[in-house]
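**Student:** any chance you can model this:
(one chain, ligands or ions: 1)
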Amino acid sequence: MSLGNNERRMLRMMLSDPKRAWSLDGLLEATGWTDQVHVAGAGTVLVEAGLVEIAKVDSRIVSLGSEGEKAAADGLLESRIWDWMQSAEAAERNMQGLFGAGFERHEAGPGVGLLKALGVKVEGGSFVCDDESSVAAAIASRSAFIESLTGAPADEESLDSDLVKHFIGRKNLISIEESTSRTWTLTKDGAATDASSLEEVEQIGQITPELLQGDSWRDAEFKPFDVNAPAPIPAGGRPHPMQALIERIRSVFLEMGFSEIEGDYVQSAGWNMDALFIPQSHPARTMQDTFYLAEPEQVEVEPKFLDMWAKVHEHGHDTGSKGWGGTFDKEEAKKGLLRTHTTVNTIRHIAEKPHEPCRVFGIGRVFRQETIDRTHLPEFHQIEGIIHEPDANLPMLISTLKTFYAKMGYPDVRVRPAYFPYTEPSVEVEVYWRGEWLELGGSGIFRPEVTEPLGSEWPVCAWGMGLERLAMLVLGLDDIRELYQPDLERLSKMPIL
Ligand code: PHE
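**Tutor:** You can find the predicted model right below:
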């Protein structure tokens, strides 16, 4: 922990008397500071560093009241009368004489009362005293008490409690104020600090070009940042709108009872296509559409799947299908590629758990050789999902997608017949937006050629929707590229989902 100069100074001073409970005044005097803010500030840092402990002390401070001030200047009433009695002729030591000496009526009565309480007696109208020295001593200690408080209020604890009690009983002589003060004491660690390490050094608070050009910074000490000091609040960060949208979609599917699945970007052509009964001659499999990889050129595929796909593609295996005919190329199936759709994740999920009913979804990045334009990117995301269970059917698929889009704020959804090699029936999903029907994705029921060889006995509702398309609707963009331009100004103004 590096201490600033103020902390060092305060700690060094406290080490001069390591056991002392230092008062504010004590510390101000020792450090030479004039402002208690320094003690409070340095004290807080030292407390946080575990070097000092602060204790609160409740105290009662006694000071002179208005009558007390007068007594300090002119003498206490009993003292003045006593002095007069000492010097007065015996014959005049009575009430009459008192008035004659200039004491007012309102003073004389109470004054004599005070003296009587001290042992003065009135016999036949005259004031007499058997034990003058004890009266004189009592008056002297009262006077000393008042004098000690003149201009110097004191803690009640340091005063004679009988005298405090006595003066509280007299009007406006003293007043008592309750207050809380603090004391600073070294902890064990604090007391063990080596005072020689606490020399104050010149600290640099600001780094300037001039400073860096010279050499002085090399041996200088830098002032620690006070991270608690008030500072302007920076314009807040926020998730990228795409990230926020992904989170939103995620929570909608979770809310609908789906679990999330994931998969790798790098896949074999076999899992990405052959498992989905996409014929090996399909135009989408060409280099123009798919990113095949030089590294890894091949991805390992379990032989049992290669054999299975060969049978399905060549003659339909035992699904009742005729297959595509021809000869299935296992080498082609092993080619490494960047996944072209996230349907590869759902089909692999079924292959892993063919006998477990499930509702799963995934939001993932896919890659296709597209020329970048207003509506196309070579990297984009799909919102994929399946329902794999005994009663899965087309109405269930459509109502699930309608529910999803309604929760996203697009209640008008329609479906149209479509074609995918791996679904039957196949449907395209469209959403109504600003007077137009926009195509957002494909879906359908997986064909038997896809699911039966894996051991599945139930229908599978499947879909794959474009995330960027949806984002364009949600954010009101005409150009898909705007989503990924690092224009902070623009991004910070995009609507919050
Ligand atoms: N995989 C298809 C696509 O990339 C979408 C789809 C998924 C269609 C699942 C039907 C079933 O567009």
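
**Student:** after the lengthiest helix in the chain comes which helix or strand?
**Tutor:** In the chain, taking DSSP state H as the definition, the longest helix is helix 132-149. Counting by DSSP states H and E, the next helix or strand C-terminal to helix 132-149 is strand 154-155.

**Student:** helices or strands next to that following strand in the packing?
**Tutor:** strand 52-64 (3 or more Cβ pairs under 8 Å, 6 or more residues apart in numbering; DSSP states H and E). No exception for glycine: its C-beta is placed from N, CA and C like everyone else's.

**Student:** sorry, back to before: buried ones in the longest helix of the chain?
**Tutor:** For helix 132-149, burial by neighbour count (16 or more other Cβ atoms under 10 Å) applies to 135-136, 138-139, 142-143, 145-146, 149.

**Student:** stretch 55-71 too?
**Tutor:** Within stretch 55-71, the residues scored as buried using 16+ other Cβ under 10 Å are 62-65, 67-71.

**Student:** can you check stretch 300-309 too?
**Tutor:** 301, 305-306, 308-309.

**Student:** would you check which pair of the residues you listed lies furthest apart?
**Tutor:** Greatest spacing in the buried residues of stretch 300-309, by Cβ to Cβ: 301 and 308 (10.4 Å).

**Student:** centroid-wise, who is the farthest residue in the chain?
**Tutor:** Distance from the C-alpha centroid of the chain peaks at residue 91, with 87.4 Å (Cα atoms, centre = their mean).

**Student:** any idea how far the residue nearest to it when sequence neighbours are not counted is from the ligand?
**Tutor:** Sequence neighbours aside, residue 97 is the residue nearest to residue 91 in space, at 7.8 Å (criterion: Cβ to Cβ, 6 or more residues apart in numbering). Going from residue 97 to the ligand by Cβ to the nearest ligand atom, to the nearest Å gives 122 Å.

**Student:** low-confidence stretches in the stretch 201-350 of the chain?
**Tutor:** The model of the stretch 201-350 of the chain has pLDDT under 70 over residues 233-234.

**Student:** can you show me the strands along it?
**Tutor:** 203-204, 221-222, 259-260, 266-268, 336-338 (DSSP state E, counting those that start in this stretch).

**Student:** re the thing from before, give the other helices and strands that the longest helix of the chain contacts.
**Tutor:** Looks like helix 132-149 contacts strand 52-64, helix 66-74, helix 77-87, helix 105-118, helix 161-168 (3+ Cβ pairs under 8 Å, 6+ apart).

**Student:** and this structure, which residues reach the ligand?
**Tutor:** By the rule Cβ under 6 Å from any ligand atom, the part of the chain lying against the ligand is 341, 343, 420, 423, 441-444, 462-464.

**Student:** buried ones from those residues, can you make that a ChimeraX selection?
**Tutor:** This is the ChimeraX syntax for the buried subset of the residues of the chain next to the ligand, where burial follows 16+ other Cβ under 10 Å:
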select :341,343,420,423,441,442,443,444,462,463,464
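
**Student:** helices - which of the residues of the chain next to the ligand land there?
**Tutor:** residue 343.

**Student:** for the residues of the chain next to the ligand, give me TSV that also has distance to residue 198.
**Tutor:** TSV is the format used below for the residues of the chain next to the ligand (distance: Cβ to Cβ, whole Å):
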residue	distance to residue 198
341	68
343	69
420	77
423	78
441	70
442	74
443	73
444	77
462	72
463	70
464	68
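
**Student:** quick one: which of the buried residues of stretch 300-309 sit in helices?
**Tutor:** Per DSSP H, the subset of the buried residues of stretch 300-309 in helices is 305-306, 308-309.

**Student:** before we move on, the earlier item: okay, the buried residues of helix 132-149 in a markdown table with pLDDT next?
**Tutor:** Listed next are the buried residues of helix 132-149 as a markdown table, based on pLDDT from 0 to 100:
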| residue | pLDDT |
| --- | --- |
| 135 | 95 |
| 136 | 95 |
| 138 | 96 |
| 139 | 96 |
| 142 | 97 |
| 143 | 96 |
| 145 | 97 |
| 146 | 97 |
| 149 | 96 |
